[in-house]
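Asker: no FASTA, just this:
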Ligand SMILES: Nc1nc2c(ncn2[C@@H]2O[C@H](COP(=O)(O)OP(=O)(O)OP(=O)(O)O)[C@@H](O)[C@H]2O)c(=O)[nH]1
Ligand SMILES: [Mg+2]
């Protein structure tokens with residue numbers, strides 16, 4: 001049972017240990033630092049010298065463990081007491097999230113509007129409402145929120161001191177357990193705010209929250225490794241808290257020691273990052289082989305991209321009868337799924353559904369998921385799915401374009417799909433607007449409206465990415481002829497004495513297969 005899912009992302013970086021529930025020990029502390037995931041991973045430190053060093057680190061850790069465990073014991077007993085009180089009043093603070101039971105903590109949201117922010121970026125209310133959705137997805141209960149307009153953030157506490165006091169009062173009044181900031185905070189800011197808010201209150205930021213959701217959602221080994229990597233990288237510059245704590249415990253006697261230890265921790269964490277990268281690489285190689293096998297079939301690949309919750313998985317499920325989880329929560333999908341779409345006219349294409357995007361997407365996550373997202377760069381067509389019923393649809397489009405440009409895929413042909421037309425306040429107006437634009441199709445993935453038109457539009461756009469071939473296929477190559485009909489756009493067939501003469505648009509990979517027959521045709 002997990003209590004306080006956010007704890008996982010701020011202190012325990014590895015999804016591998018996320019669910020472990022063992023007594024607080026050195027091992028756990030190591031895990032909390034992201035230092036060693038399991039015994040098998042302790043091989044990160046190999047030489048005797050390094051081994052000794054690890055022992056030394058362990059001793060120091062043990063010291064901290066004792067002092068921390070006292071803290072933990074008192075804090076967990078407070079929590080337990082609190083939980084009991086809550087249990088007495090209501091049992092419903094344990095929520096099921098993705099098959100895991102999560103204690104629903106009371107969260108308070110804080111946003112900052114920077115004076116001089118570009119007009120067309122998300123407004124503060126909009127961004128906070130999205131943060132609310134993220135908190136809900138992570139299993140938290142939002143009990144309040146506030147924001148402040150600032151020309152520049154306070155380097156110590158991000159927000160001004162008046163705002164800090166206001167939040168402190170709200171924490172007491174509303175029983176807040178976690179304060180979430182809408183922007184990324186520095187290690188110092190996180191530490192200072194936690195100190196000021198005191199007690200059990202945890203402080204985290206949007207990035208930690210998103211990482212935590214990814215952590216909860218990761219279903220495959222590759223996704224788990226990617227999230228672990230992103231969490232460790234997020235953690236690296238923030239590895240300060242526990243050593244200052246140690247200095248405090250020792251009454252300042254070990255002054256300066258914290259800094260040295262932070263360096264040791266950072267090195268061990270860097271080793272762990274290196275080991276995870278290696279493991280990820282081997283998992284990827286395996287997937288790549290599988291993908292190459294798939295590419296030996298010349299069916300064009302179409303990738304669904306879009307803002308999280310736009311309806312990408314629902315569309316894949318509708319078109320292919322797949323069973324990808326689609327729900328009204330953010331980041332339902334992390335791993336790519338590819339299915340074959342068979343159209344009524346016998347044509348086919350492969351459709352890939354993948355992770356959704358969001359504004360302020362943590363850069364560590366984009367980097368960690370780059371390999372998964374590479375699937376996108378190998379597709380013949382990108383279908384940008386937009387939830388057109390969403391009041392911020394325009395801004396979602398901009399955020400998606402921004403990530404696509406980071407992924408360097410702007411040159412791949414694109415088709416825009418306005419989804420959830422059924423949910424829009426004026427569907428007719430939306431349809432008229434779409435007609436005026438090029439490359440926009442209106443659909444409702446949920447009830448299937450517009451899907452035949454969508455498939456036709458995909459076919460038309462795929463034609464743009466295909467090459468024109470004229471070839472003479474000998475009669476014994478009848479299988480090639482039927483594949484051309486399946487994956488290409490045939491303009492003309494003519495039966496001659498030597499074989500079938502064909503003029504068609506075909507995917508590039510397939511055109512290469514036809515090369516000898518094209519020469520035959522020329523001769
Ligand atoms: N009304 C309506 N709801 C839809 C439509 N398409 C999807 N939804 C709902 O929107 C929610 C999100 O759908 P998903 O398919 O999970 O969205 P996604 O883009 O895959 O989301 P992520 O995996 O989080 O990126 C679900 O509750 C769907 O039932 C639609 O056409 N109309
Ligand atoms: Mg999805």
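Answerer: Alright, I've got the coordinates. Remember, predicted model here, so these are calculated numbers, not experimental data. Residues are numbered from 1 along each chain as shown. Ligands and ions are numbered 1, 2, ... in the order given.
Asker: ok, the residue of the stretch 1-150 of the chain found nearest ligand 1 - contacts?
Answerer: Closest residue of the stretch 1-150 of the chain to ligand 1, CB to the nearest ligand atom: residue 137 (8.7 Å). In short, each C-beta sits where N, CA and C put it, glycine included. Each residue near residue 137 by CB atoms under 8 Å, 6 or more residues apart in numbering is listed here: 213, 329-331.
Asker: Doesn't residue 352 lie inside a strand?
Answerer: Yes: Residue 352 sits within a strand when classified using DSSP: H, G, I helix; E, B strand; the rest coil.
Asker: Near residue 128, how many other residues are there?
Answerer: Residues within reach of residue 128, counting by other CB atoms under 10 Å, total 21.
Asker: how far does the helix or strand containing it sit from the chain's center?
Answerer: Per DSSP states H and E, residue 128 falls inside helix 124-138. How far helix 124-138 lies from its chain's middle: 16 Å, per CA atoms, centre = their mean, to the nearest Å.
Asker: follow-up on the earlier one: with respect to ligand 2, which of the contacts of residue 137 is nearest?
Answerer: Set against ligand 2, the nearest of the contacts of residue 137 by CB to the ion is residue 331 (7.9 Å).
Asker: coming back round to it: what's the following helix or strand after the helix holding residue 128?
Answerer: Counting by DSSP H and E, what follows helix 124-138 is strand 141-150.
Asker: Need the contact partners of that next one.
Answerer: Against strand 141-150 from outside (CB under 8 Å, 6+ apart): 93, 104-115, 124-125, 128, 132, 135-136, 159-160, 163, 166-167, 170, 174-176, 182.
Asker: Could you tell me the average pLDDT over it, please?
Answerer: Strand 141-150 shows a mean pLDDT of 94.
Asker: For it, could you pull out the residues that count as buried?
Answerer: Within strand 141-150, the residues that count as buried by 16 or more other CB atoms under 10 Å are 142-145, 147-148.
Asker: Likewise for stretch 477-484?
Answerer: Of the residues in stretch 477-484, 477, 480-481, 483-484 count as buried by neighbour count, 16+ other CB under 10 Å.
Asker: CSV for these, including pLDDT?
Answerer: Shown next, in CSV, are the buried residues of stretch 477-484 (pLDDT from 0 to 100):
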residue, pLDDT
477, 83
480, 85
481, 86
483, 84
484, 85
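Asker: ok, and which of these reach ligand 1?
Answerer: Among the buried residues of stretch 477-484, none lies close to ligand 1 by the criterion of CB under 6 Å from any ligand atom.
Asker: Pipe these into CSV and attach secondary structure per row.
Answerer: Putting these into CSV (three-state DSSP) gives the following:
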residue, secondary structure
477, helix
480, helix
481, helix
483, helix
484, helix
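Asker: just to revisit the earlier point, report the two of the contacts of residue 137 separated the most.
Answerer: In the contacts of residue 137, the most distant members under the criterion CB to CB are 213 and 329, with 8.6 Å between them.
Asker: And those two? Which one has more around it.
Answerer: Neighbours were counted for residue 213 and for residue 329 using other CB under 10 Å; residue 213 has more, 26 against 18.
Asker: May I ask you to confirm that the more buried one is in contact with residue 133?
Answerer: No: in this structure, residue 213 is not within contact of residue 133 by CB atoms under 8 Å, at 10.4 Å.
Asker: Give me the common contacts of the two.
Answerer: Joint contacts of residue 213 and residue 133 (CB under 8 Å, 6+ apart) are residue 330.
Asker: where along the stretch 351-500 of the chain do the strands fall?
Answerer: With DSSP state E, counting those that start in this stretch, the ranges of strands along the stretch 351-500 of the chain come out as 381-387, 414-419, 440-442, 467-473, 489-495, 500-506.
Asker: Format these as JSON lines; extra columns: distance to residue 407, mean pLDDT and mean neighbour count.
Answerer: Shown next, in JSON lines, are the strands of the stretch 351-500 of the chain (distance: least, CB to CB, whole Å; pLDDT from 0 to 100; neighbours: other CB atoms under 10 Å):
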{"stretch": "strand 381-387", "distance to residue 407": "10", "mean pLDDT": "96", "mean neighbour count": "23"}
{"stretch": "strand 414-419", "distance to residue 407": "13", "mean pLDDT": "96", "mean neighbour count": "23"}
{"stretch": "strand 440-442", "distance to residue 407": "22", "mean pLDDT": "96", "mean neighbour count": "21"}
{"stretch": "strand 467-473", "distance to residue 407": "25", "mean pLDDT": "89", "mean neighbour count": "18"}
{"stretch": "strand 489-495", "distance to residue 407": "28", "mean pLDDT": "88", "mean neighbour count": "12"}
{"stretch": "strand 500-506", "distance to residue 407": "27", "mean pLDDT": "90", "mean neighbour count": "20"}
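Asker: among these, which is nearest residue 311?
Answerer: Evaluated with CB to CB, the strands of the stretch 351-500 of the chain place strand 414-419 nearest to residue 311, the distance being 4.3 Å.
Asker: Do any residues in the closest one lie close to ligand 2?
Answerer: No: using CB under 5 Å from the ion, strand 414-419 stays clear of ligand 2, coming no nearer than 12.0 Å.
Asker: What are the boundaries of the strands in the stretch 101-250 of the chain?
Answerer: Ranges of strands in the stretch 101-250 of the chain, per DSSP E, counting those that start in this stretch, are 106-114, 141-150, 178-181, 202-205.
Asker: Including distance to residue 397, could those go into TSV?
Answerer: What follows is those, written out as TSV (distance: least, CB to CB, whole Å):
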stretch	distance to residue 397
strand 106-114	22
strand 141-150	25
strand 178-181	26
strand 202-205	25
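Asker: Now render those strands as JSON lines, adding distance to ligand 1.
Answerer: JSON lines is the format used below for those (distance: least, CB to the nearest ligand atom, whole Å):
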{"stretch": "strand 106-114", "distance to ligand 1": "20"}
{"stretch": "strand 141-150", "distance to ligand 1": "19"}
{"stretch": "strand 178-181", "distance to ligand 1": "19"}
{"stretch": "strand 202-205", "distance to ligand 1": "20"}
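Asker: Tell me the residues of the stretch 201-350 of the chain that contact ligand 2?
Answerer: So the stretch 201-350 of the chain meets ligand 2 at 312-313, 332-333 (CB under 5 Å from the ion).
Asker: Go through those and say which is closest to residue 206.
Answerer: Of these, the one sitting nearest to residue 206 (CB to CB) turns out to be residue 332, at 18.6 Å.
Asker: list the contacts for the residue nearest to residue 470 when sequence neighbours are not counted?
Answerer: Leaving aside its sequence neighbours, residue 470 sits nearest to residue 503 (CB to CB, 6 or more residues apart in numbering; 5.0 Å). Applying CB under 8 Å, 6+ apart, we find residue 503 in contact with 468-470, 490-493.
Asker: And residue 416, by the same measure?
Answerer: 383-384, 386, 397, 437, 439-441 are the contacts of residue 416 under CB under 8 Å, 6+ apart.
Asker: want to throw those into CSV with distance to residue 347?
Answerer: Below are the contacts of residue 416 laid out as CSV (distance: CB to CB, whole Å):
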residue, distance to residue 347
383, 16
384, 22
386, 25
397, 28
437, 25
439, 19
440, 22
441, 17
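Asker: Relative to ligand 1, which residue of this protein is the closest?
Answerer: residue 356 (2.4 Å).
Asker: Now for the closest residue to that residue other than its chain neighbours, how many residues are close by?
Answerer: Leaving aside its chain neighbours, residue 356 sits nearest to residue 308 (3.2 Å; criterion: CB to CB, 6+ apart). Applying other CB under 10 Å, we find 25 residues neighbouring residue 308.
Asker: Surely residue 308 and residue 359 touch.
Answerer: No: checked against CB under 8 Å, the pair residue 308 and residue 359 is beyond contact range at 10.1 Å.
Asker: Not counting its neighbours along the chain, what's nearest residue 489?
Answerer: residue 505 (4.3 Å).
Asker: residues in contact with that neighbour?
Answerer: Shown in contact with residue 505 (CB under 8 Å, 6+ apart): 463, 466-469, 488-489, 491.
Asker: Show me the beta-bridge partners of it.
Answerer: residue 468, residue 489 (DSSP bridges).
Asker: And the residue nearest to residue 356, how far from residue 230?
Answerer: Per CB to CB, to the nearest Å, residue 308 is found 16 Å from residue 230.
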